[in-house]
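1. Would you be able to build a 3D model of this:
(4 chains)
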There are 2 protein chains.
Amino acid sequence: MTLYDVAREADVSTATVSRVLHGHDRVKASTRQRVLDIIEALGYVPDGAAQSLSRKRKQIVGLIAVESRGPGSDIEQTSLLFLEEVLRGVESPVGDIGWSLLISFMVRDDTAYARLQSMSGKVDGLLISEGIVSSPELATLARRLPIVLVAGSPDEPNVDVVDADNRTGTRALVCHLVEVHNATRLYYVAGPDEAPDARARRNAFDEELARHPGVTACGYFEGRFASSGGKLAAQEILATPRRDRPDAVVCANDQMAIGAMRELQANGVAVPTDIAVVGFDDIYSGALVTPSLTTVSQPMRLLGERACSRLLERIADPALPHQVELLPTRLVIRESCGCAAAPAALVQDRVQR
Amino acid sequence: MTLYDVAREADVSTATVSRVLHGHDRVKASTRQRVLDIIEALGYVPDGAAQSLSRKRKQIVGLIAVESRGPGSDIEQTSLLFLEEVLRGVESPVGDIGWSLLISFMVRDDTAYARLQSMSGKVDGLLISEGIVSSPELATLARRLPIVLVAGSPDEPNVDVVDADNRTGTRALVCHLVEVHNATRLYYVAGPDEAPDARARRNAFDEELARHPGVTACGYFEGRFASSGGKLAAQEILATPRRDRPDAVVCANDQMAIGAMRELQANGVAVPTDIAVVGFDDIYSGALVTPSLTTVSQPMRLLGERACSRLLERIADPALPHQVELLPTRLVIRESCGCAAAPAALVQDRVQR
DNA sequence: CTCCTTAGTGTAAGCGGTTACACGAATTTG
DNA sequence: CAAATTCGTGTAACCGCTTACACTAAGGAG
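-> Okay, here's the model as predicted:
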């Protein structure tokens, strides 16, 4: 079932069928109708590969999702909830113009670059959700096709970056703990250092702390973004004498915050009375736990949407200057920071720069 | 940067380059090396569209995800958590053989069929996650390319179906409530009737009830799979006189169960003491709420994996007989059914058929 | 030393569309 | 009414890769 079959059947040339298919040129109404009828009758659908080849445009964008299977970070806990929202965001601009989305999960290993290469042959542009390949490799790729980093480190040349404003979000959160709840001893549960957003959040934590004399970081723990990491951090805290314990535990994501909170509670520490716990991401579960989790909300869907739009712009015009776009985050005050069980209203804080 | 450029540079024919690229034929070692060096130096990557066209195989499978934006079912609550796991399951067999995954979100509307058609031109086979198009349309599609229904109604001809065993799971759950907790008045919060799994669960609920004389369904509510639906159902229950209330509320998914539970609790009804509440799906949040949610776990990742493998098999051999495969579900007993806060161990119940 | 294999490589015909260009017919213009 | 447009359509090259087939050179068998 090809264009030729349709053309023969309708007794026209393939050019005419193609014209009918795309409404481009002027085709006599009667011819058009005849061709359309044949197409309908034959159930003809154009072959995407042939179209891509001929148009020199695949009309496909690729999305690389990181599949972290590292020890201590199982799938459920890591990127779950994050990817799906981003995905929907991405699909929206892509679908609007009739393009498609090719997705691939990759582990950060030595096969990643090869797989990326092969993927790069099948798409017009790439959305990479994190630094799964080294910087030089990325640069090589970027020379061949447009690349937008989603939540990546903003220091790559030749790529665009769209990210949530981890810095401002984290600082607002810390500021809230210090200024509203008078926390003076903060404990930080970080994400893996190779994740750019984990680094950004941790740096912002330090930065904000530096702005408040008398407030100290009384401990760090690298929890790898898994709830088990939060649990381990909590155990470390529980192992210290009561008076050396922090006032508040700031976690680089919600899963770890939930893990930490539960472990503290299971050992008789009241949250937030004894120790406050806060997270980052605003996952669905955060609103359900007791006490409900104070956190920072990332516009995940918007993240996907903006990244994809940017990519499409760049595909359309590769000469565009490269940009870094930071999307605003929003402080979500709930109970685990020590605030009263507030009405569902979400409070918006602002940090001074 | 095409195959021809490489061929010219290496002073061989395109055929030889192609052979080197795929290791198929015997190529002299020295030639091979020279070609590989040139490829490396030029950073050549084969064009996917051209390969697809030439091979008559796109090496791409499509996944259609339902995007329900209907009233009362926002995105977060509906398929969240479901899709992502399935996705990862699907990607695994696909990635193993170097194929790709094309994904599209679709709303069930009048454009769906057209979009599906267009998608069908870009892939070798389709994974459809629900009945987003009518049965005859599906049949037409299935005539042109292999289709596997993920969690679909098993009565389609010409398509394969892979689904979780909603029936057995639901029956085990109901059986548990009745036999262990002596529930006699059950209230059912259903999903939207157009969703095949919603229908399957509801039917199983009725079926199991019929097996227990003296046990009655004291109410139904269609909650559209959103937690707000659970809330509304709970309000309906709260509006009835205390003695007319159910012993247990069985929800077609966890989000609704959580919604119902919170609304009941907010109005002074103790769960599970006054009324038990159970769900379906075993989402991450279910373990975190208080009381923790008794539910049925679906092997979502396996679902994706099996569906995809089946599709690949069918693409390889279209003559294969069509099959329906039901994947086992697992009863997850926690607290919300009335069981004591058990150790983390998960209990496996079994229902007699 | 001829004939037959086999290794190694090239030629060129597709794969299924798109589209620049060409061309006759119909229509408009002066 | 001839010339200039405009309309409607066909011809065929091209997109980049794969692969059947053909061919040469070298090695082995008789």
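2. ok, the closest residue to residue A:84 other than its chain neighbours to residue A:209 distance?
-> Nearest residue to residue A:84 in three dimensions, chain neighbours excluded: residue B:84, at 4.5 Å (C-beta to C-beta, 6 or more residues apart in numbering or on different chains). Heads up, the C-betas are built off the backbone N, CA and C, glycines and all. Applying C-beta to C-beta, to the nearest Å, the value for residue B:84 to residue A:209 is 35 Å.
3. Neighbour count: these two, which is higher?
-> residue B:84 (25 against 19; other C-beta atoms under 10 Å in any protein chain shown).
4. Could I get the phi/psi values of residue A:332?
-> Per-residue torsions, residue A:332: phi -110, psi 100 (degrees, to the nearest 10).
5. returning to what we had before: so for the residue nearest to residue A:84, what's the pLDDT?
-> What the model reports as pLDDT for residue B:84 is 78.
6. Check the offset of the strand or helix carrying it from the chain's centre.
-> Under the criterion of DSSP states H and E, residue B:84 resides in helix B:82-96. In terms of C-alpha atoms, centre = their mean, to the nearest Å, the centre of helix B:82-96 is found 10 Å from the chain centre.
7. Past it, which element shows up next along the chain?
-> Following helix B:82-96 in sequence, per DSSP H and E, is strand B:100-106.
8. From the chain's centroid, how far away is whatever helix or strand comes next after that next one?
-> For strand B:100-106, the following helix or strand on the C-terminal side (DSSP H and E) is helix B:112-120. For helix B:112-120, the separation from the chain centroid amounts to 20 Å (computed by C-alpha atoms, centre = their mean).
9. tally of neighbours for the closest residue to DNA strand C within the stretch 101-250 of chain A?
-> The stretch 101-250 of chain A approaches DNA strand C most closely through residue A:124 (14.7 Å), counting by C-beta to the nearest atom of the strand. Counted with other C-beta under 10 Å, the neighbours of residue A:124 add up to 21.
10. what's the distance between the closest residue to residue A:339 other than its chain neighbours and residue A:296?
-> Setting aside the residues directly before and after it, residue A:339 is nearest to residue A:333 in space (C-beta to C-beta, 6+ apart), at 5.2 Å. From residue A:333 across to residue A:296, the span is 10 Å (C-beta to C-beta).
11. Then residue A:149?
-> 20 Å.
12. Could you do residue A:224 as well?
-> Relative to residue A:296, and taking C-beta to C-beta, residue A:224 is found at 19 Å.
13. Count the residues that sit near residue A:16.
-> As a measure of burial, residue A:16 has 20 neighbours, counting by other C-beta under 10 Å.
14. again with residue A:203
-> The number of residues near residue A:203, taken as other C-beta under 10 Å, comes to 13.
15. Please list all residues in contact with it.
-> By C-beta atoms under 8 Å, 6 or more residues apart in numbering or on different chains, the contact list for residue A:203 reads residue A:167.
16. ok, the residue of the stretch 101-250 of chain A found nearest DNA strand D - contacts?
-> Residue of the stretch 101-250 of chain A nearest DNA strand D, by C-beta to the nearest atom of the strand: residue A:121 (7.4 Å). Shown in contact with residue A:121 (C-beta under 8 Å, 6+ apart): B:45, B:46, B:47, B:48, B:51.
17. Could you see whether DNA strand C lies near stretch A:48-60?
-> Yes. Against DNA strand C, stretch A:48-60 shows contacts by C-beta under 7 Å from any atom of the strand at A:50, A:51, A:53, A:54, A:55.
18. when you check DNA strand D, which of those turn up near it?
-> Counting by C-beta under 7 Å from any atom of the strand, A:50, A:53, A:54 from those sit close to DNA strand D.
19. quick one: which of those residues has the most company?
-> Ranking those using other C-beta under 10 Å puts residue A:53 first, with 19 neighbours.
20. what about that residue, which helix or strand?
-> helix A:48-55.
21. any chance you could map the strands in the stretch 151-300 of chain A?
-> Assigned by DSSP state E, counting those that start in this stretch, the strands in the stretch 151-300 of chain A fall at A:160-164, A:185-190, A:216-222, A:248-251, A:276-278, A:295-297.
22. okay, these in JSON lines with mean pLDDT and mean neighbour count next?
-> Compiled in JSON lines, these are given as follows (pLDDT from 0 to 100; neighbours: other C-beta atoms under 10 Å in any protein chain shown):
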{"stretch": "strand A:160-164", "mean pLDDT": "93", "mean neighbour count": "24"}
{"stretch": "strand A:185-190", "mean pLDDT": "97", "mean neighbour count": "24"}
{"stretch": "strand A:216-222", "mean pLDDT": "95", "mean neighbour count": "17"}
{"stretch": "strand A:248-251", "mean pLDDT": "98", "mean neighbour count": "30"}
{"stretch": "strand A:276-278", "mean pLDDT": "98", "mean neighbour count": "30"}
{"stretch": "strand A:295-297", "mean pLDDT": "96", "mean neighbour count": "25"}
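23. Export the ones you listed as CSV, with columns for distance to chain B.
-> Output for the strands of the stretch 151-300 of chain A, formatted as CSV (distance: least, C-beta to the nearest C-beta, whole Å):
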stretch, distance to chain B
strand A:160-164, 17
strand A:185-190, 18
strand A:216-222, 21
strand A:248-251, 15
strand A:276-278, 14
strand A:295-297, 12
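24. would you list those strands in a markdown table and tack on distance to DNA strand D?
-> Shown next, in a markdown table, are the strands of the stretch 151-300 of chain A (distance: least, C-beta to the nearest atom of the strand, whole Å):
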| stretch | distance to DNA strand D |
| --- | --- |
| strand A:160-164 | 25 |
| strand A:185-190 | 44 |
| strand A:216-222 | 44 |
| strand A:248-251 | 47 |
| strand A:276-278 | 51 |
| strand A:295-297 | 44 |
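25. May I have the phi/psi pair for the residue nearest to residue A:339?
-> phi -90, psi 120.
26. was I right about it contacting residue A:176?
-> Yes. The criterion here is C-beta atoms under 8 Å, and residue A:333 meets it with residue A:176 at 7.0 Å.
27. Could you figure out how far the longest helix anywhere in chain A is turned away from strand A:100-106?
-> Longest helix in chain A by number of residues (criterion: DSSP state H): helix A:300-316. Interaxial angle, helix A:300-316 versus strand A:100-106 (axes from the mean of the first three to the mean of the last three C-alpha atoms, to 10 degrees): 110 degrees.
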